[in-house]
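# Need a 3D model of the sequence below.
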Amino acid sequence: MRRALVGIIILIFLFSGCIREEVFVYEVIDGDTFLISTGDRIRLIGIDAPEKDQPYYLEAKERLSGLLKNKKVTLEKDKEDMDSYGRLLRYVYADDVFVTLELIEEGYARVIIIHPNSKYESELKKAEYKAKESELGIWFKYSS
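Numbering: from 1, shown residues only. Sure, this is the predicted structure:
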């Protein structure tokens with residue numbers, strides 16, 4: 001199912017005239033931000049991972065690091081280039097994995113859509129719903 005979704009996303013890319021570029025990731029800052037070899041800071045579009053003082057921060061950061069660190073990845077723009085902090089806003093693909101979708105499916109992050117960057121909103125929200133229903137990662141509920 002996931003491979004089919006990635007295939008559909010790739011087809012959307014091919015017919016939408018998206019701009020993609022390959023870069024090398026050398027440091028992961030947290031569960032939704034990383035640095036590339038040019039020194040640019042990249043913020044993943046469509047997700048919000050836990051911050052340093054929140055539960056599941058370390059797990060989200062480690063998962064993103066496992067997916068990206070010391071790898072060549074592909075970045076894809078949406079409508080806006082940068083956020084108010086000067087970070088480049090991008091969707092990221094590594095080893096044929098749509099990283100944003102993967103983090104949501106596994107419960108490492110929640111969906112946050114900031115318009116006009118909403119290209120994959122529907123797919124991301126469906127993945128979040130499934131992660132919540134399965135109580136994965138940040139959605140895990142403790143029994144009392």
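# who's in contact with the residue nearest in space to the middle of the chain?
Residue closest to the average C-alpha location in the chain (CA atoms, centre = their mean): T100, at 2.4 Å. By CB atoms under 8 Å, 6 or more residues apart in numbering, the contact list for T100 reads L44, I45, G46, I47, Y91, V92, A109, Y120, L124. Glycine gets a C-beta too; all of them are placed from N, C-alpha and C.
# G137: which of the residues you listed is nearest?
Taking CB to CB as the measure, G137 sits nearest to A109 out of the contacts of T100, at 8.2 Å.
# What is the burial count for that closest one?
28 (other CB atoms under 10 Å).
# Kindly report the same for K71.
Neighbours of K71 (other CB under 10 Å): 13.
# Check L101 too.
The number of residues packed near L101 is 23, by other CB under 10 Å.
# what sits against the closest residue to it other than its chain neighbours?
The shortest distance from L101 to any residue other than its chain neighbours is 5.7 Å, reached at A127 (CB to CB, 6 or more residues apart in numbering). Neighbour list for A127: L101, I104, E105, V111 [criterion: CB under 8 Å, 6+ apart].
# how about 10 Å then?
Each residue near A127 by CB atoms under 10 Å, 6 or more residues apart in numbering is listed here: 2, 5, 98, 100-107, 111, 120.
# Name the residues of the strand ranked longest in the chain that are buried.
Counting residues, the longest strand found in the chain (DSSP state E) is strand 20-30. Within strand 20-30, the residues that count as buried by 16 or more other CB atoms under 10 Å are V23, V25, V28, D30.
# Check the gap between the nearest residue to the third one once chain neighbours are set aside and V99 for me.
Taking CB to CB, 6+ apart as the measure, V28 lies nearest to S65, with 4.1 Å between them; neighbours along the chain are not counted. With distances defined as CB to CB, to the nearest Å, the gap from S65 to V99 amounts to 11 Å.
# out of the two, which sits in the busier spot?
More neighbours surround V99 than the other of S65 and V99, with 23 against 17 (other CB under 10 Å).
# Hmm, that one is touching K69, no?
No. In this structure, V99 is not within contact of K69 by CB atoms under 10 Å, at 11.9 Å.
# Between these two, which contacts overlap?
Counting by CB under 10 Å, 6+ apart, the residues touching both V99 and K69 are F34.
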